[in-house]
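Asker: would you be able to build a 3D model of this:
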Amino acid sequence: LMGIEPLEPGFRKIRIKPQPGSLKSAEIKHPTIRGDVTMSFNNNPGQSFRLEVDIPANTTADISLPFYSRSQTTRINGQPVKYRRDGNFSVIENIGSGKWVFVVEH
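Answerer: Numbering: from 1, shown residues only. Below you'll find the predicted structure:
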């Protein structure tokens, strides 16, 4: 459901790829050797998706968000961001440690 998995040993790099389906919201605190990954999402399927994530120090993440259409707006902390499309996902790579808010709107 939440899609937190290591991409490199010791959780140096992680993938966050939530797959909520029709679930409206969820949150998790996932312990790693580098600290806790905390995340929550609010999902309005087909229209908007909001992901809040706290990535621990010395960790980077690839974030996968829903892909709705080429006309969607994708933002990090309120600022537009470029992404690469991977199937039904918009992938934003190499996000550093800290607190981040990702929003996708159709």
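Asker: the most centrally placed residue in the chain sits in which helix or strand?
Answerer: Centroid-nearest residue in the chain, with C-alpha atoms, centre = their mean: residue 63, separated by 3.9 Å. Per DSSP states H and E: residue 63 is located in strand 60-66.
Asker: what comes up buried for the longest strand seen in the chain?
Answerer: The strand spanning the most residues in the chain, taking DSSP state E as the definition, is strand 35-44. By neighbour count on 16 or more other C-beta atoms under 10 Å, the buried set for strand 35-44 is 37, 39, 40, 41, 43. Glycine gets a C-beta too; all of them are placed from N, C-alpha and C.
Asker: swap in stretch 47-55?
Answerer: Applying 16+ other C-beta under 10 Å to stretch 47-55 flags 48, 49, 50, 51, 53, 55 as buried.
Asker: mind putting the residues you listed in JSON lines, distance to residue 14, pLDDT and secondary structure included?
Answerer: Output for the buried residues of stretch 47-55, formatted as JSON lines (distance: C-beta to C-beta, whole Å; pLDDT from 0 to 100; DSSP: H, G, I helix; E, B strand; the rest coil):
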{"residue": "48", "distance to residue 14": "24", "pLDDT": "96", "secondary structure": "strand"}
{"residue": "49", "distance to residue 14": "19", "pLDDT": "97", "secondary structure": "strand"}
{"residue": "50", "distance to residue 14": "20", "pLDDT": "98", "secondary structure": "strand"}
{"residue": "51", "distance to residue 14": "14", "pLDDT": "98", "secondary structure": "strand"}
{"residue": "53", "distance to residue 14": "10", "pLDDT": "98", "secondary structure": "strand"}
{"residue": "55", "distance to residue 14": "8", "pLDDT": "98", "secondary structure": "strand"}
